[in-house]
Structure formats: structure tokens, C-alpha cells
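Colleague: Sequence isn't available, so here's the structure alone:
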Ligand code: ATP
């Protein structure tokens with residue numbers, strides 16, 4: 001079954017509201033295994049909306065539209081859908097009475113405009129709206145009514161329960177009662193770029209059939225989504241397993257987690273398993289690494305405290321960084337982050353310490369150390385590694401990427417990879 005989504009509202013075109021219904025409906029339809037090939041947004045304009053609905057009806061089995069079902073003149077969706085489906089609008093006395101009662105309960109009188117909401121295309125199914133006044137509608141459409149147009153109110157608080165309780169059963173029945181669901185498994189990679197990953201898996205990606213393999217670049221990491229349609233999660237995962245294994249055989253060391261697992265969760269899990277305590281010494285990230293570590297519930301098992309040492313004085317006072325090292329190399333240098341990491345390790349009595357110092361910008365860069373220059377060090381008993389990175393993006397991006405690099409470094413150390 002192919003569905004097409006239409007969102008009606010000039011507000012959406014002007015960027016005044018975010019189209020959260022698009023994300024919600026797309027996600028829900030994917031879960032039901034219904035393909036969505038197109039989504040369209042159109043303003044409150046009769047002719048343009050008619051053209052959009054006609055085109056969608058041509059190429060999809062089901063149209064699902066949101067918005068424009070209200071009582072005012074610019075709420076045109078009902079009229080347009082009825083027109084495209086070739087159905088006359090008729091007054092539904094029950095809806096009209098319900099609307100009157102809805103207003104009376106709130107001590108208001110119904111204006112005549114509201115009666116528009118009681119107009120129903122002939123043969124349409126009415127979807128009651130518990131949360132608002134505009135009922136939803138399912139219109140038979142296309143050749144012999146073999147297709148359908150589903151109209152839903154715009155406000156998400158009205159649309160979502162209506163979709164889940166009333167539209168999902170309809171769609172499931174349309175599909176013959178046994179829907180295939182989309183089963184996905186996301187492999188999350190660190191320390192490998194999107195193009196390098198694609199290159200390594202070129203043949204697998206080129207030959208992909210079922211499951212599909214889709215890489216997504218995120219800030220500082222890459223995700224690979226394996227997806228298939230199946231009658232049950234077990235059936236889908238069984239189909240995904242051999243492809244996942246083939247990927248693991250090549251780049252398994254870079255996979256830090258699955259699905260919604262964050263890097264900090266994965267690193268936390270590793271520290272906990274090995275009974276290690278970590279600490280942080282942060283300059284340019286101002287505590288972001290410690291924040292991410294402690295975002296994870298249960299992180300007290302492997303993290304007691306960290307240091308935010310923004311000024312040189314703080315680096316000297318709290319971490320014992322020698323004044324000469326700062327003078328000679330500058331705060332953003334490998335010798336300084338090494339001293340920070342060693343100081344933090346000793347002060348916190350931890351097993352592993354990570355330290356960062358960098359130029360997050362937008363100012364403060366020099367020819368020698370431009371904005372985005374970040375030094376990172378990891379210290380442990382009998383181990384020290386320092387690296388200098390050249391990162392890019394806004395101040396926030398640079399800070400985020402720095403924190404990700406620091407966590408990745410801890411992961412490499414703990415898993416016995418080259419730090
Ligand atoms: P109502 O009768 O309750 O006004 P409606 O179907 O006429 O419903 P609209 O008038 O188009 O809906 O939109 C009403 C409100 O619903 C908008 O102001 C906005 O807050 C929300 N809304 C509409 N469309 C969307 C969308 N695509 N995503 C998120 N919110 C939306």
C-alpha cells in the first residue's frame with residue numbers, strides 16, 4: 001500500500017509552525033509497513049490544494065491529510081477532498097447536534113461557521129474528535145472507491161489519538177488484516193567517517209536488497225540503518241542478522257552500540273563491566289563531557305567527579321599543570337592536556353582520565369592554532385596518549401565534537417584499541 005501525506009496550512013509554508021505531524025505520521029506509517037513516496041505542504045488556497053490532492057490521488061492508494069478542517073473560510077480541506085473524490089457534501093445532523101452540545105458544555109454558543117464542520121462528503125466515515133471540534137473523515141475515492149482520503153485535524157493533540165485509535169484499524173483492514181511492519185536495526189559507528197564507511201561496505205551497499213542499508217551522518221558519528229518489512233520483529237531480525245554479521249566482520253570495532261544507545265551509554269557500560277572509574281578535565285567543553293557521562297542513569301558507578309578548568313590559574317591550582325608548560329606551549333597544547341589528564345587522574349583517584357583544551361571560537365584563533373584546534377589527552381596507570389584535532393563548525397559544534405572525541409578515546413582505551 002502506498003500512502004501520500006498532505007499538510008494544509010499557510011502557517012506551515014511561512015514557517016510559523018513546525019510540521020511535527022509530518023514526522024509523526026511518517027513514523028507511524030513506516031511502523032505499519034506502508035510506503036510513503038511523497039509528502040506535500042500546501043497553503044489555504046482552493047485551486048492549489050485541489051491540484052495537490054488530485055495528483056496524490058493519482059499516484060497513491062491512500063491520502064492522509066492534516067489541517068484545514070476548522071470552521072473558518074480558509075479551512076478548505078473538506079471541500080477540496082470531497083471535490084477530488086467526486087462526492088457531494090451533506091449536512092450531518094448528528095455532528096451538528098454534537099457540535100452544539102460541545103459549545104453548550106463550555107457555556108458558548110455555536111456560530112453558524114461551525115456548522116461547516118458538520119458537512120460530510122456522502123459515504124464518508126466520520127471520526128469523532130474527543131479533543132476538539134473538527135471531526136476527522138475517511139472518504140472513499142478513486143476508481144470504484146478503491147482508494148481512500150483520510151482527513152485529520154491539524155492540532156497534534158487531536159490528530160494523534162484519532163490516528164492511533166481510528167485510522168490504524170482502518171489501514172490495517174485495508175491491507176488485509178495482517179500488516180507487515182518495518183523492522184529496523186541501527187548500527188552506530190564512531191571513529192569512522194561516512195565516506196570511509198560507505199567505501200568499506202561499497203559492495204554490500206550496492207548489492208543491497210532486503211534488508212536495505214542506509215548510512216546517516218550525525219555530529220561526530222555515523223549510523224547505518226538496516227531495515228526490512230516482516231510479519232514479526234523476530235522474522236525481520238533474522239533477515240537482518242547475516243547482513244549485520246557481514247558488516248561486523250569488516251568494521252565491527254567501530255560499532256559502539258545499537259538503535260538508541262548513545263556513545264556515553266556505551267562507554268559507561270564498558271567502564272562498569274570492567275570496574276573502572278573515569279574522570280574528566282575540561283577546558284573548552286566547560287563540563288560537557290562530564291554532563292554527557294552523567295546523563296546516563298547509574299553513572300555514579302564509574303564517575304565520581306570531574307574538573308572544569310577554564311583559566312590557566314584553574315589548570316595550575318586544581319590539576320597541578322606547571323606554569324612553565326602553560327607559558328612555553330600555551331593552554332591549547334598537547335603538553336598541557338597531558339598534564340591536565342595526569343593531574344585529574346591523581347586528584348580523582350580514577351583509572352582513566354580524559355582532558356581537553358581547544359579553541360571553540362568564534363574568536364581566539366591564530367594562524368598557528370586556528371579556531372577548531374583541540375588537544376585531547378587520555379591518562380591511565382602506565383598510559384598516556386595525546387592528540388591534536390582540527391575540528392570545524394560553530395562554537396557549539398566544536399564543543400560537541402570535542403566531547404564525542406573524548407568519549408571515543410575512552411572507548412578505544414577500554415576496548416584495547418589503539419588510543
Ligand atoms: P482546528 O479546527 O482545531 O483549528 P484544523 O484542522 O482546522 O483544526 P488548522 O487550522 O490547519 O487545523 O491548524 C490548527 C493548528 O494545528 C495550528 O495552528 C497548529 O498549531 C496545528 N497544526 C496544524 N498543522 C500542523 C502540522 N502539520 N504539524 C503540527 N501542528 C500543526
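Modeller: Nice, I can see it. Only a predicted model underlies this, so the values are computations on that prediction, with no experimental measurement involved.
Colleague: Quick one: mean pLDDT over stretch 244-262.
Modeller: In this model, stretch 244-262 carries a mean pLDDT of 97.
Colleague: ok, now stretch 161-173?
Modeller: 93.
Colleague: Find out how far that stretch is from the centre of the chain, if you would.
Modeller: The chain centre lies 24 Å from the centre of stretch 161-173; the measure is C-alpha atoms, centre = their mean, to the nearest Å.
Colleague: buried stuff in it?
Modeller: Of the residues in stretch 161-173, 162-163, 166-168, 170-171 count as buried by neighbour count, 16 or more other C-beta atoms under 10 Å. For the C-beta atoms, the positions are set from N, CA and C on the backbone; glycine is no exception.
Colleague: which one of the residues you listed sits closest to the ligand?
Modeller: residue 162 (10.8 Å; C-beta to the nearest ligand atom).
Colleague: just checking, next helix/strand downstream of the helix or strand hosting the closest one?
Modeller: Using DSSP states H and E, residue 162 falls within helix 156-162. Sequence order places helix 168-174 as the next helix or strand after helix 156-162, per DSSP H and E.
Colleague: So which elements touch that following helix?
Modeller: strand 147-152 (3 or more C-beta pairs under 8 Å, 6 or more residues apart in numbering; DSSP states H and E).
Colleague: From the contact count, pick out the helices and strands touching the strand it packs on.
Modeller: helix 46-59, strand 62-66, helix 77-85, strand 136-141, helix 156-162, helix 168-174.
Colleague: what about the closest residue to residue 214 other than its chain neighbours, distance to the ligand?
Modeller: Closest residue to residue 214 apart from its sequence neighbours, by C-beta to C-beta, 6 or more residues apart in numbering: residue 225 at 4.8 Å. From residue 225 across to the ligand, the span is 24 Å (C-beta to the nearest ligand atom, to the nearest Å).
Colleague: swap in residue 312?
Modeller: Distance from residue 312 to the ligand, by C-beta to the nearest ligand atom: 49 Å.
Colleague: One more: residue 115?
Modeller: For residue 115, the distance to the ligand equals 13 Å [C-beta to the nearest ligand atom].
Colleague: does that residue really touch residue 96, like I thought?
Modeller: Yes - between residue 115 and residue 96 a contact is recorded at 6.2 Å, counting by C-beta atoms under 8 Å.
Colleague: near the ligand, which residues of the chain?
Modeller: Contact residues, the chain versus the ligand (C-beta under 6 Å from any ligand atom): 7, 9, 11-12, 17, 19-21, 66-70, 75, 132-134, 153-156.
Colleague: Cross those residues against strands and list the overlap.
Modeller: 7, 66 (DSSP state E).
Colleague: Looking at the residues of the chain next to the ligand, which are in helices?
Modeller: 11-12, 20-21, 156 (DSSP state H).
Colleague: out of those, who's nearest residue 186?
Modeller: residue 20 (21.8 Å; C-beta to C-beta).
Colleague: Which helix or strand contains residue 30?
Modeller: Assigned by DSSP H and E, residue 30 belongs to helix 20-31.
Colleague: mean confidence for that helix?
Modeller: Helix 20-31 comes out at a mean pLDDT of 92.
Colleague: Can you tell me the SS state at the residue in the stretch 201-350 of the chain positioned nearest to the ligand?
Modeller: Ranked by C-beta to the nearest ligand atom, the top residue of the stretch 201-350 of the chain for proximity to the ligand is residue 216, at 23.1 Å. Counting by DSSP: H, G, I helix; E, B strand; the rest coil, the backbone at residue 216 sits in strand.
Colleague: Name the nearest residue to it, ignoring sequence neighbours.
Modeller: With C-beta to C-beta, 6+ apart, the residue lying closest to residue 216 is residue 223, at 4.6 Å.
Colleague: So that neighbour belongs to a strand, correct?
Modeller: Yes - using three-state DSSP, the secondary structure at residue 223 is a strand.
Colleague: neighbours of it, just the number please.
Modeller: Using other C-beta atoms under 10 Å, residue 223 is surrounded by 17 other residues.
Colleague: now do the same end-to-end measure for stretch 247-264.
Modeller: The first residue of stretch 247-264 is 23 Å away from its last residue (C-alpha to C-alpha, to the nearest Å).
Colleague: Please apply the same query to stretch 172-189.
Modeller: For stretch 172-189, the end-to-end distance is 36 Å (C-alpha to C-alpha).
Colleague: how about it: buried residues?
Modeller: 174-175, 179-189.
Colleague: Go through those and flag which are in helices.
Modeller: Among the buried residues of stretch 172-189, DSSP H puts residue 174 in helices.
Colleague: Find the nearest non-adjacent residue to the residue of the stretch 151-300 of the chain found nearest the ligand, please.
Modeller: Going by C-beta to the nearest ligand atom, the ligand is nearest to residue 154 of the stretch 151-300 of the chain, at 2.6 Å. Distance criterion C-beta to C-beta, 6+ apart; nearest residue to residue 154, sequence neighbours excluded, is residue 67 at 3.5 Å.
Colleague: Pull the contacting residues for that neighbour.
Modeller: In this structure, residue 67 makes contact with 7-9, 12, 21, 77, 153-154, judged by C-beta atoms under 8 Å, 6 or more residues apart in numbering.
Colleague: ok, so of these, who is nearest residue 395?
Modeller: For the contacts of residue 67, the nearest to residue 395 is residue 12 (31.1 Å; C-beta to C-beta).
Colleague: Just give me the neighbour total for that closest one.
Modeller: Residue 12: 21 neighbours (other C-beta under 10 Å).
Colleague: re the thing from before, just the buried ones from the residues of the chain next to the ligand, in PyMOL syntax?
Modeller: Filtering these down to the buried ones (16+ other C-beta under 10 Å) takes a single PyMOL command:
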select buried, resi 7+9+12+19+21+66+67+68+69+70+75+132+133+134+153+154+155
